[in-house]
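Asker: Sequence and predicted model, in that order:
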Protein chains: 4
Amino acid sequence: MSRNTRQRQSAAVKVGRPRNPRIQQRILKAATDLVLEQGFRALSMDAIAERAGVGRMTIYRRWPNKAAVVMDAFFARMDPYALFRGGKTYMESIRLQLRAVAKAYRGKEGSLIRILLAEAQFDPELASAIREKWILPRRRVTIPYLEQGIRDGFLREDLDPNVAVDLLYGPIYLQLLMGTATLSDSYIDKIFQHAMRGFKKA
Amino acid sequence: MSRNTRQRQSAAVKVGRPRNPRIQQRILKAATDLVLEQGFRALSMDAIAERAGVGRMTIYRRWPNKAAVVMDAFFARMDPYALFRGGKTYMESIRLQLRAVAKAYRGKEGSLIRILLAEAQFDPELASAIREKWILPRRRVTIPYLEQGIRDGFLREDLDPNVAVDLLYGPIYLQLLMGTATLSDSYIDKIFQHAMRGFKKA
Amino acid sequence: MSRNTRQRQSAAVKVGRPRNPRIQQRILKAATDLVLEQGFRALSMDAIAERAGVGRMTIYRRWPNKAAVVMDAFFARMDPYALFRGGKTYMESIRLQLRAVAKAYRGKEGSLIRILLAEAQFDPELASAIREKWILPRRRVTIPYLEQGIRDGFLREDLDPNVAVDLLYGPIYLQLLMGTATLSDSYIDKIFQHAMRGFKKA
Amino acid sequence: MSRNTRQRQSAAVKVGRPRNPRIQQRILKAATDLVLEQGFRALSMDAIAERAGVGRMTIYRRWPNKAAVVMDAFFARMDPYALFRGGKTYMESIRLQLRAVAKAYRGKEGSLIRILLAEAQFDPELASAIREKWILPRRRVTIPYLEQGIRDGFLREDLDPNVAVDLLYGPIYLQLLMGTATLSDSYIDKIFQHAMRGFKKA
DNA sequence: CACTAAGCGAGACGGTACGTCCCGTCTTTCC
DNA sequence: GGAAAGACGGGACGTACCGTCTCGCTTAGTG
């Protein structure tokens, strides 16, 4: 599986007969554009179909509902960012991964994931899909870094990696959903720094 | 009963002529029950009205949409928890406040606030209402504690109180929305402890 | 009972305690004005009440529904025309009565009676009220004239007075409801003349 | 089957895409049944839709309001009666036409046209539709007969055909709306006879 | 003359129907 | 045989009135 995972199976799209991928793309683009231009409230299946110049059935043949469409639209965009690695050190990799996520969320992907997270509160299947396909993969990459850090004696022995990940990612999602701050790189760096050093004076 | 919430105006309810408060309560109870029993998707104005034994107009006279109803239902329940203080020290107060929020979110209030946060992604007015009336008040209490901690020499001088609050509350909302962990007291304590000490070995 | 029946009991108004007659008039005027200005579709109880500067209950205290209000508004205006007599001969009296009715129907009373006849199709009580209080009184005056005409040898022996009345009044109501002609005096005279002479060449 | 009603377009139904005619019939039948069973007041779009086993939108796609539905239901039933001809003489044809109308009005069609005439008092469009599509066609057939009768020297030279038609049809509508008599064949014959001979003794 | 009973405005209330919008399925027609 | 177009059953929306009710305020009539 290369870094950019070509031939990736779509996240939510129904399987079956091979379907015209051009149409798929038109639909995803239409959905994305509509969300960005008019917000999720204006995102009806009718609207997507009309914008994509497509029959409604053509959408339903591929996705079970509009959340699934948005989810695929999100993954189509997020793929390149997925599981980014590259820092010189473990902790640097974590920081860069945080930055990568934040950068994406600052852009169009932020609008999409916000919708997905919102919809997921009403749709357990969607919730589990997001968790399995988006949230957990990032954790699964991060946690071993932290464990390695502990083994290396760089991080505290009593660090709970799961809790640590929550501390790092929690603020990002808080900002994403509540908009109390911007997900700038410097904000991410502050989160990272504060988490590393702790609040208490040494 | 918190120190400063007497005579509190309902969060979202429209004002105007005096209205029968019993009916208000019946509506909020009906809405809460329906949400908890059947989820937000089953929560229609019709359903609330029928369950409450009330005409639909009676609801619309008070709230502009069903999210506002749920918001008031949430505030009616959360009032006692609001802005809890009581720790012996500043930091203890923060920890207890976190616990109080987590405790509420473990119960029915969690279902309500999840829905509200989700709806808020589609409804800027609701988003700002939640931010102003629920999220920010907690921050406004917490930040002075942190500032005092800095002045007292207990917390690092370069601590950014806003970032610190995000680190403390972010994980709670992450768990609330993603359900990757339970908001147990011990989880809260871990969050608090990790944030205080930092990840790095001293 | 004089010709113009002062102290007339209102047609449909509920009895009971004496009520302020000024208010009654304001309501009837408001109802009439609204019908004439905006048509019956705009005639809601709310609209009448608002226009009359009156509470809705004040109307319901007096009339059971808005048709009854319109009916009283009609009678208040039609009273002077009621059972007009005055021709030198019997047949002349009939003709003048037809003219009087037509004249009223050309004016505001036409709008009111049209509404009443229409509502009466859905409301048997109203139908019978109109029949008893408006239609039949006119017939009861006309038929003896016709019978006298037969006895006098002026009208055919085999004339059926009921059928004859229908022939005279039928066209008026047809025009009122279908608007295929205007209820001018000359139209009435033609009706009368045609009915008297018959279609067939002598 | 009348001479010139083939390919007749439905009276009020909206055009556009071809629609399922079975559904159309189900709707009209449901509407007719409901009117006859429970009266027009019980005739709501909801009730029609439910009775017909049809979504409300399906009705609105075809008719702008319930009066239009009833109008089409009326026309669907009245088509066979339309513009009946068949008497040996002109006057006989007129009489038979009157009888045909009266016969229809004695039955279910009477209930429908009563409702339509009533509604038409509140709905100018409906009024003009009834006038153009139902009332006037009958007049347009009758008047030439009368004119021919005049030319043939059978009817008076000073007969006004329009007035004459009013004399013949007026009583039918008077009875229909006021119910002061039954529209029996013998009543129709009396109307016809009285109109032909006139009231005055020869 | 004050008191009290009612009439009154205002409008909240439970309820029904409206006409619209969208969902997810189905059917028709074209390519 | 897939796709566009859109009709279809269904259900929620938010509005408009209905007819009833409950509030205070005004206003007569009565003791």
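Answerer: Yep, it's here.
Asker: quick one, domains of chain A?
Answerer: Listed by automatic domain parsing, the domain ranges of chain A are A:3-65, A:76-199.
Asker: Can you name the residue of chain A nearest chain D?
Answerer: Closest residue of chain A to chain D, Cβ to the nearest Cβ: A:D46 (13.3 Å). C-beta coordinates here come from the backbone N, C-alpha and C atoms, glycine included.
Asker: Which parts of chain A are helices?
Answerer: Listed in chain order, the helices found in chain A under DSSP state H are A:21-38, A:45-52, A:56-60, A:66-78, A:90-106, A:108-120, A:124-130, A:136-151, A:161-178, A:185-197.
Asker: buried residues in the shortest one?
Answerer: Which is helix A:56-60. For helix A:56-60, the neighbour count (16 or more other Cβ atoms under 10 Å in any protein chain shown) marks A:T58, A:I59 as buried.
Asker: residue closest to the middle of chain A?
Answerer: In chain A, the C-alpha nearest the mean C-alpha coordinate belongs to A:W134, at 5.3 Å (Cα atoms, centre = their mean).
Asker: quick one on the thing from earlier: quick one: closest of the helices of chain A to B:V101.
Answerer: helix A:161-178 (12.8 Å; Cβ to Cβ).
Asker: helices or strands next to that closest one in the packing?
Answerer: Packing contacts for helix A:161-178, counted by 3 or more Cβ pairs under 8 Å, 6 or more residues apart in numbering or on different chains; DSSP states H and E, involve helix A:90-106, helix A:108-120, helix A:136-151, helix A:185-197, helix B:108-120, helix B:161-178, helix B:185-197.
Asker: make it 7 Å
Answerer: Contacting helix A:161-178 under the criterion 3 or more Cβ pairs under 7 Å, 6 or more residues apart in numbering or on different chains; DSSP states H and E are the following elements: helix A:90-106, helix A:108-120, helix A:136-151, helix A:185-197, helix B:161-178, helix B:185-197.
Asker: would you turn these into TSV with mean pLDDT and distance to DNA strand E?
Answerer: Shown next, in TSV, are the helices and strands packed on helix A:161-178 (pLDDT from 0 to 100; distance: least, Cβ to the nearest atom of the strand, whole Å):
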stretch	mean pLDDT	distance to DNA strand E
helix A:90-106	91	25
helix A:108-120	90	11
helix A:136-151	92	26
helix A:185-197	97	35
helix B:161-178	96	22
helix B:185-197	97	35
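Asker: Kindly reformat these as JSON lines containing distance to DNA strand F.
Answerer: Conversion of the helices and strands packed on helix A:161-178 to JSON lines gives the following (distance: least, Cβ to the nearest atom of the strand, whole Å):
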{"stretch": "helix A:90-106", "distance to DNA strand F": "29"}
{"stretch": "helix A:108-120", "distance to DNA strand F": "17"}
{"stretch": "helix A:136-151", "distance to DNA strand F": "30"}
{"stretch": "helix A:185-197", "distance to DNA strand F": "36"}
{"stretch": "helix B:161-178", "distance to DNA strand F": "23"}
{"stretch": "helix B:185-197", "distance to DNA strand F": "35"}
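Asker: could I get those as CSV with mean neighbour count?
Answerer: As requested, the helices and strands packed on helix A:161-178 are exported to CSV (neighbours: other Cβ atoms under 10 Å in any protein chain shown):
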stretch, mean neighbour count
helix A:90-106, 20
helix A:108-120, 22
helix A:136-151, 16
helix A:185-197, 19
helix B:161-178, 23
helix B:185-197, 19
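Asker: closest one to D:Y90 among those helices?
Answerer: The nearest among the helices and strands packed on helix A:161-178, by Cβ to Cβ, is helix A:108-120 at 75.3 Å.
Asker: what's the closest one packed up against?
Answerer: Short answer (3+ Cβ pairs under 7 Å, 6+ apart): helix A:108-120 packs on helix A:21-38, helix A:66-78, helix A:124-130, helix A:161-178.
Asker: and the first one, which residues are buried?
Answerer: Taking 16+ other Cβ under 10 Å as the basis for neighbour counts, the residues of helix A:21-38 that come out buried are A:I23, A:Q24, A:R26, A:I27, A:L28, A:A30, A:A31, A:T32, A:D33, A:L34, A:V35.
Asker: And the pLDDT for the residue with the largest distance to the centre of chain A?
Answerer: Largest separation from the mean C-alpha position in chain A: A:A202, at 35.1 Å (Cα atoms, centre = their mean). For A:A202, the pLDDT comes out at 76.
Asker: And for A:R62?
Answerer: For A:R62, the predicted pLDDT is 92.
Asker: distance of it from chain B?
Answerer: Distance of A:R62 to chain B, given as Cβ to the nearest Cβ, to the nearest Å: 23 Å.
Asker: on that earlier part again, nearest spatial neighbour of the residue farthest from the centre of chain A, chain-adjacent residues omitted?
Answerer: Closest residue to A:A202 apart from its sequence neighbours, by Cβ to Cβ, 6 or more residues apart in numbering or on different chains: B:A202 at 6.3 Å.
Asker: what's the spacing between A:N20 and DNA strand F?
Answerer: Relative to DNA strand F, A:N20 is positioned 4 Å away (Cβ to the nearest atom of the strand, to the nearest Å).
Asker: For A:D72, see how far away that residue is.
Answerer: Using Cβ to Cβ, to the nearest Å, A:N20 is found at 15 Å from A:D72.
Asker: same thing with A:S186?
Answerer: For A:S186, the distance to A:D72 - Cβ to Cβ - is 32 Å.
Asker: same deal with A:S111?
Answerer: 15 Å.
Asker: what comes into contact with stretch A:136-149?
Answerer: A:L83, A:Y90, A:M91, A:S93, A:I94, A:Q97, A:L155, A:L159, A:P161, A:A164, A:V165 (Cβ atoms under 7 Å, 6 or more residues apart in numbering or on different chains).
Asker: What is the most widely separated pair among the residues you listed?
Answerer: A:L83 and A:L159 (22.2 Å).
Asker: Settle it for me: which of those two has more neighbours?
Answerer: A:L159 (20 against 14; other Cβ atoms under 10 Å in any protein chain shown).
Asker: What score does the more buried one have for pLDDT?
Answerer: Looking at A:L159, its pLDDT reads 97.
Asker: There's contact between it and B:K201 in this structure, I believe.
Answerer: No - between A:L159 and B:K201 there is no contact under Cβ atoms under 7 Å: 9.0 Å.
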